[in-house]
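Engineer: One predicted model, sequence on top.
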Amino acid sequence: MTTLLLSHSSFADHAPPEGHPERPDRIRAVNDQLDKDEFAELKREEAQIGDRRHILRAHPEEYVETIERAVPREGLVQLDADTYMGPNSLDIVLRAVGAMTRAIDEVVAGNVDNAFCAVRPPGHHAEKTRAMGFCIFNIVASAAHYARAELGLERIAVVDFDVHHGNGTQDIFWQERDLMYASTHQMPLYPGTGAPSETGVGNIFNAPLNGGAGGAEFKEAYRNVILPALDDFKPDLLLISAGFDAHRNDPLAGLNFVEEDFRWVTLKLMDYADKYSNGRLVSVLEGGYDLGGLKGSVSAHVTALMEAG
């Protein structure tokens, strides 16, 4: 029993314009970190391209076809102000979904304790019918629907600690009583959503943080909002949208988290997975744009996951 790491070299092939913060060096930095000796006990698999039908559980056919038609033969196409797609980007996003579905399969089967999917581009800003915020399709929402539709799990929770609110996951889950979304994020900040008043059908839990907040405020938000919501919801599977751009060195935000904060939240969510989900927990990489902060934060996160093994 151990922690499964799913990644693939092709995740570095999705290449927005020079100077874009969501750059291939992000995944290279993560994988370089996880190649170190202290992670030798990880179980490693190459992510395979996922099935298109898994995307269709989170996004309507018309939107998926629009994205498929937009794939360029060469160069880049711009989907919104900061979201780009190249010739290989569609397959790369499908591979990220494939990583998540494989991870869920292995965790539910009991073959591993938990899993981390080191993928890109991120997905939590992709709404039902709109690409935005570097995200083309919503990876974690697609995976949650997969677990419910194909594995018979009834109640899936996504907990998101990216510094930016996961408006896309919220949008896709908005009227789904058996899909819970909970988020801490800086506010005000892109994308402008994530107020506590945004509650869906009682399944959405937002705990925004003021700029400059650090670990103390983060833990308070969990104790007051996120963890009580998990106690009430009692998920069959816990998924993490693991963004590390709340790190104090990240250039795209203004929170003051350090590596230990990501370790703390990982261990806390593992406790809740043990409590309600038979330990079933899968994490997927979202944001994180300072390479040093990203490496250290991923290291803290994965080291905590490995403590279950």
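Structural biologist: Done, it's in.
Engineer: residue ranges for the helices of the stretch 1-150 of the chain, please.
Structural biologist: For the stretch 1-150 of the chain, the helices defined by DSSP state H, counting those that start in this stretch cover 25-34, 52-55, 61-70, 89-109, 139-150.
Engineer: For the third one, name the packing helices and strands.
Structural biologist: Think helix 61-70. If you count contacts as 3 or more Cβ pairs under 8 Å, 6 or more residues apart in numbering; DSSP states H and E, helix 61-70 packs onto strand 77-80. For glycine as for every other residue, the C-beta is placed from the backbone atoms N, C-alpha and C.
Engineer: List the buried residues for the strand it packs on?
Structural biologist: Buried residues in strand 77-80, counting neighbours by 16 or more other Cβ atoms under 10 Å, are found at residue 79.
Engineer: Equivalent analysis for stretch 117-136, please.
Structural biologist: Under the neighbour-count criterion of 16+ other Cβ under 10 Å, stretch 117-136 has 117-127, 130-136 buried.
Engineer: and if you look at stretch 278-289?
Structural biologist: 279-289.
Engineer: how about CSV for the residues you listed, with secondary structure, pLDDT and distance to residue 30 added?
Structural biologist: Listed next are the buried residues of stretch 278-289 as CSV, based on DSSP: H, G, I helix; E, B strand; the rest coil; pLDDT from 0 to 100; distance: Cβ to Cβ, whole Å:
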residue, secondary structure, pLDDT, distance to residue 30
279, coil, 96, 24
280, coil, 98, 23
281, strand, 98, 19
282, strand, 98, 16
283, strand, 98, 12
284, strand, 98, 12
285, strand, 98, 7
286, coil, 98, 12
287, coil, 98, 12
288, coil, 98, 8
289, coil, 98, 12
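Engineer: which of the residues you listed sit farthest apart?
Structural biologist: Of all pairs drawn from the buried residues of stretch 278-289, the one with the longest distance (Cβ to Cβ) is 279 and 289, at 31.2 Å.
Engineer: Residue 27 is in contact with residue 122, isn't it?
Structural biologist: No. If you go by Cβ atoms under 8 Å, residue 27 and residue 122 don't touch, sitting 10.9 Å apart.
Engineer: what is the mean pLDDT for the longest strand along the chain?
Structural biologist: As assigned by DSSP state E, the longest strand anywhere in the chain is strand 179-186. For strand 179-186, mean pLDDT rounds to 98.
Engineer: List the strands paired with that strand, with their directions.
Structural biologist: strand 156-160 (parallel), strand 204-209 (parallel) (DSSP bridges).
Engineer: Ignoring the adjacent residues along the chain, who's closest to residue 291?
Structural biologist: Excluding the flanking residues, the one nearest residue 291 by Cβ to Cβ, 6 or more residues apart in numbering is residue 29, at 4.5 Å.
Engineer: For residue 41, see how far away that neighbour is.
Structural biologist: According to Cβ to Cβ, to the nearest Å, residue 29 stands 21 Å off from residue 41.
Engineer: Looking at these two, which one has more neighbours?
Structural biologist: Remark: of residue 29 and residue 41, residue 29 carries more neighbours, 19 against 10, as counted by other Cβ atoms under 10 Å.
Engineer: Apart from its neighbours in sequence, what residue is nearest the most centrally placed residue in the chain?
Structural biologist: Residue closest to the mean C-alpha point of the chain, counted by Cα atoms, centre = their mean, is residue 241 at 2.7 Å. Using Cβ to Cβ, 6+ apart and skipping the chain neighbours, the partner closest in space to residue 241 is residue 160 (3.7 Å).
Engineer: what about the nearest residue to residue 48 once chain neighbours are set aside, how many residues close to it?
Structural biologist: Spatially, and ignoring its direct neighbours in sequence, residue 48 is nearest to residue 98 (4.7 Å; Cβ to Cβ, 6+ apart). The local packing of residue 98 (other Cβ under 10 Å) involves 24 other residues.
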